[in-house]
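Asks: Got a predicted structure plus its sequence, pasted below:
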There are 2 protein chains.
Amino acid sequence: MTLPLSIGIDFGGTTIKIAVARGGEIIQRGTILDTQKLGSPEAMFDAISTVVAQLREAHPEVAAIGAGLPGIVDATNGIVLELSNVPGWSAVPLRQILHDRTGLPVAVDNDAKSMTYAEWRFGAARGKVNVICVTLGTGVGGGLILDGKLYRGSANGAGEIGQTSIDFNGRPGVYGNLGAMEKYVGNHQIAERARELYRQAGRERSLEDCSPKALATAAEGNDAVALALWKEIGTEIGAALANIVWLLNPDCIVLGGGVAKAGELLLEPIRAAIRARTMPAFFENLQIVPATLGNDAGIIGAAALGLEAVPATRVVH
Amino acid sequence: MTLPLSIGIDFGGTTIKIAVARGGEIIQRGTILDTQKLGSPEAMFDAISTVVAQLREAHPEVAAIGAGLPGIVDATNGIVLELSNVPGWSAVPLRQILHDRTGLPVAVDNDAKSMTYAEWRFGAARGKVNVICVTLGTGVGGGLILDGKLYRGSANGAGEIGQTSIDFNGRPGVYGNLGAMEKYVGNHQIAERARELYRQAGRERSLEDCSPKALATAAEGNDAVALALWKEIGTEIGAALANIVWLLNPDCIVLGGGVAKAGELLLEPIRAAIRARTMPAFFENLQIVPATLGNDAGIIGAAALGLEAVPATRVVH
């Protein structure tokens, strides 16, 4: 059976990306919207509706819409409770708003959960049952598939892997939570740690030259500081993931986001740390793999979750 | 509808306890068996069968049997893969063995999962959807109810809360996992830490006088060392639980086991640590409560899981 078409909306802090998708494939991309320029929520709804209308003109068979947003989303009731870094959003009934403007079934969910759903249905974790999906970027986010279902938690907050602690007396996270993992391995933290390590080695570098991308290039050129730092970072991420492995005994961990582009430089010490910090019965049944859908995971996942809102097109796994 | 009767078997390292239960209530207890004296698995099966037969004579309407065991249990296939502290057990098809000897439907599961199931169905977590159940004793174990279902993980290993780390450079756990929580707050560790603190305060005490029970009594008598130690231990347990809260966003945490008998001495700093280390949206929806079924939780949970093996008596939640 061919999967029906649906529209995915990836709502970011700077851009809103909208596209028509079929399963794991993007069929057509709409104009990218500038979140800052649009300003008010009302202006955003209008602009989104215009792009959706254009895409439906080209693909009238579109059956549903899904939107993934960075923040706390009550997926059951289709309400955006809080939007990270975008003011003016509080308890917005986005599902109803988009449904009123398009007449289509709409699903609304957190963006990390959309991405997790995409990687599980169409990407790196296809066929797995218990999946931990982690995005490594400025912050560290995540999502969970448990017993073959997206797990949301009691207040739609589950999956905050970046807030879990690796040291109960460590660096404070954004909520004062000591040892929050993202305060060790977030984009900015990596750059600052690299600059400090280079300084200690008698080599001054700008923060820009210490970006994860620059550090990956340096490590590939056998730079000792960069190599050592990737190992440290991988160990820290691995330690945080080992806790999740003990707790949830997953069969797959997917690593995505900008920092994960370092590839095996990062994956190898992550795997080593998880192996050293768990037990064979857990590690032998576990795949630790890079995400495969890249920047499209958010759109693809949202589009697929949109279809879940249509009983007739719901996919049974 | 009255729940049917079933038999629960709580298989411990030193004793095997068997009883007839109806829901959360023990109807009749059988003779307690001595695991060490029986020795071989074959002798244990015989002894269990005898007690089961006696109980069924008194209660012929018993519909099923459930057994909870400390170790790794493949609940789907009814096989005990490994039994903690009891030699001679490896890949034992206990479900088939007990079924052959009794003719009844049998369920076999890990003991912490049985206990979790009992506290959720009949105890402290009744009506909750996402539950973390923790047993604080010599070791620290646990079980998870997620989306209203017992969660087992990909290799039946989920719920190993005591092995999760609070410090990625901390004390090694039994698997070499640095910072394993149970190496800070297990029975023996509490006693050793107390003895050391008393020593520093110029007060020599035997290890026996530093048991969790003795420390609870001392704290109730306003002993400064004991009060400070309970606070430290509660903070450490709370830090480990905060990680689980970020990850799973549960609506209930149940604390059981010998150490939890310290009551509010321990619960209060645990609650304070979780509040300080998470965010309001997570904490406001979360109950942190003591277990209510005590030592019977294992039997009651096993008996209830036994009924789940009988399609006609399965309870829909």
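Replies: Nice, I can see it. Just so we're clear, the structure is a prediction, and the values are computed from it rather than from any experiment.
Asks: residue contacts, residue A:9?
Replies: A:16, A:17, A:18, A:48, A:65, A:66, A:67, A:68, A:299, A:302 (Cβ atoms under 8 Å, 6 or more residues apart in numbering or on different chains). (C-beta placed from N, C-alpha, C; glycine too.)
Asks: Neighbour-wise, which one of those leads?
Replies: residue A:302 (33 neighbours; other Cβ atoms under 10 Å in any protein chain shown).
Asks: Of the contacts of residue A:9, just say which sits nearest to chain B.
Replies: residue A:68 (18.1 Å; Cβ to the nearest Cβ).
Asks: Test my guess that the closest one contacts residue A:111.
Replies: Yes: between residue A:68 and residue A:111 there is a contact at 3.9 Å, judged by Cβ atoms under 8 Å.
Asks: out of everything not next to it in sequence, what's closest to the most centrally placed residue in chain A?
Replies: Centroid-nearest residue in chain A, with Cα atoms, centre = their mean: residue A:112, separated by 3.7 Å. Distances taken as Cβ to Cβ, 6 or more residues apart in numbering or on different chains put residue A:141 closest to residue A:112, at 4.1 Å, once the chain neighbours are dropped.
Asks: Quick check: the one you found is in a helix.
Replies: No: assessed with DSSP: H, G, I helix; E, B strand; the rest coil, residue A:141 is strand; it does not lie in a helix.
Asks: Please list all residues in contact with it.
Replies: A:111, A:112, A:134, A:135, A:159, A:160, A:161, A:162, A:257.
Asks: Which of those fall in helices?
Replies: Counting by DSSP state H, the contacts of residue A:141 place A:111, A:112 in helices.
Asks: out of the contacts of residue A:141, who's nearest chain B?
Replies: Distances from chain B to these, taken by Cβ to the nearest Cβ, are shortest for residue A:160, at 4.2 Å.
Asks: Confirm for me that residue A:123 is in contact with residue A:294.
Replies: No: between residue A:123 and residue A:294 there is no contact, the gap being 9.1 Å when judged by Cβ under 8 Å.
Asks: neighbour count winner among those two?
Replies: Set residue A:123 next to residue A:294 and count neighbours by other Cβ under 10 Å: residue A:123 wins out with 25 against 13.
Asks: Now stretch A:243-262: buried residues?
Replies: A:243-257, A:259-262 (16 or more other Cβ atoms under 10 Å in any protein chain shown).
Asks: which non-adjacent residue is nearest residue A:294?
Replies: Using Cβ to Cβ, 6+ apart, the closest residue to residue A:294 is residue A:256 (7.7 Å).
Asks: Equivalent analysis for residue A:98, please.
Replies: residue A:106 (4.5 Å).
Asks: Which pLDDT value belongs to residue A:313?
Replies: pLDDT for residue A:313: 58.
Asks: Kindly report the same for residue A:310.
Replies: pLDDT, residue A:310: 83.
Asks: just checking, it touches residue A:62?
Replies: No: taking contacts as Cβ under 8 Å, residue A:310 lies outside contact range of residue A:62: 10.9 Å.
Asks: Take the contacts of residue A:9 and keep only those in strands.
Replies: Using DSSP state E, the subset of those located in strands is A:16, A:17, A:18, A:65, A:66, A:67, A:68.
Asks: OK, contacts around the closest residue to the third one other than its chain neighbours?
Replies: Across the structure, with Cβ to Cβ, 6+ apart as the measure, the residue nearest residue A:18 apart from its sequence neighbours is residue A:30 (4.1 Å). Residues in contact with residue A:30, defined by Cβ under 8 Å, 6+ apart, are A:17, A:18, A:19, A:20, A:51, A:52, A:54, A:55.
Asks: where does the residue with the largest distance to the centre of chain A land in three-state SS?
Replies: Distance from the C-alpha centroid of chain A, by Cα atoms, centre = their mean, peaks at residue A:202 (36.7 Å). Secondary structure for residue A:202, judged by three-state DSSP, is coil.
Asks: residues from the stretch 51-200 of chain A in reach of chain B?
Replies: A:72, A:129-130, A:144, A:146-147, A:149, A:151-161, A:163-169, A:175-179 (Cβ under 8 Å from any Cβ of the partner chain).
Asks: Enumerate every residue touching the closest residue to residue A:151 other than its chain neighbours.
Replies: Closest residue to residue A:151 apart from its sequence neighbours, by Cβ to Cβ, 6+ apart: residue A:144 at 4.3 Å. The contact partners of residue A:144, taken as Cβ under 8 Å, 6+ apart, are A:116, A:131, A:132, A:133, A:150, A:151, A:158, A:159, A:248, B:247, B:248.
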